[in-house]
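# Dropping the sequence and predicted coords here.
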Amino acid sequence: QDLGRAVHWYTKAAEQGQVNAQFKLGLCYAHGEGVAQDSGRAVHWFTKAAEQGEKSAQEKLGDCYANGRGVSQDGGKAVYWSTKAAEQGMMRAQCNLAVRYAHGEGVAQD
């Protein structure tokens, strides 16, 4: 196992727009696997993948905005990205979204 080499190849593919590599690279930065932990870089790569419709990246990006990891906390953006993921069947995003609506976090309480 060589996470540093994995990051090297993920980066090459991610820079060429490969969505799975963008998501995996975001995870590497989020968890400090093969690179120094960097929430801002994680958000950068999650955003690239999320904008291409990658539901796991959308869910992670929603979490980042909800908790202020790598970005300023923003309930509206958390709901936006969580909704994108939930609409694609991501159960965790669906649960997180339900909690947001129940507590009025980023949305009017409903």
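Great, that's in hand.
# number of nearby residues for the nearest residue to residue 34 once chain neighbours are set aside?
With Cβ to Cβ, 6 or more residues apart in numbering as the criterion, residue 34 has its nearest non-adjacent residue at 3.1 Å, and that residue is residue 3. Using the backbone N, CA and C atoms, a C-beta is placed for each residue, glycine as well. Here the number of neighbours of residue 3 (other Cβ atoms under 10 Å) works out to 14.
# quick one: the helix or strand hosting residue 8 to chain centroid distance?
Element membership for residue 8 (DSSP states H and E) is helix 3-15. A distance of 18 Å separates the centroid of the chain from that of helix 3-15, by Cα atoms, centre = their mean, to the nearest Å.
# Could you do stretch 28-41 as well?
For stretch 28-41, the distance to the chain centre is 13 Å (Cα atoms, centre = their mean).
# still on that earlier bit, what does the helix holding residue 8 rub up against?
With contacts defined as Cβ atoms under 8 Å, 6 or more residues apart in numbering, helix 3-15 is touched by 20-22, 24-25, 28, 33-35, 45, 48.
# One more pass at 10 Å, please.
2, 18-29, 31-35, 44-45, 48-49 (Cβ atoms under 10 Å, 6 or more residues apart in numbering).
# filter those residues to the buried ones?
Buried members of those, scored by 16 or more other Cβ atoms under 10 Å, are 18-19, 21-29, 34-35, 44-45, 48-49.
# before we move on, the earlier item: would you mark the buried spots in the helix holding residue 8?
In helix 3-15, counting by 16+ other Cβ under 10 Å, buried: 6-7, 10-11, 14.
# Could you do stretch 71-87 as well?
71, 77-86.
# I'd like those residues laid out as JSON lines, including secondary structure.
Shown next, in JSON lines, are the buried residues of stretch 71-87 (DSSP: H, G, I helix; E, B strand; the rest coil):
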{"residue": "71", "secondary structure": "coil"}
{"residue": "77", "secondary structure": "helix"}
{"residue": "78", "secondary structure": "helix"}
{"residue": "79", "secondary structure": "helix"}
{"residue": "80", "secondary structure": "helix"}
{"residue": "81", "secondary structure": "helix"}
{"residue": "82", "secondary structure": "helix"}
{"residue": "83", "secondary structure": "helix"}
{"residue": "84", "secondary structure": "helix"}
{"residue": "85", "secondary structure": "helix"}
{"residue": "86", "secondary structure": "helix"}
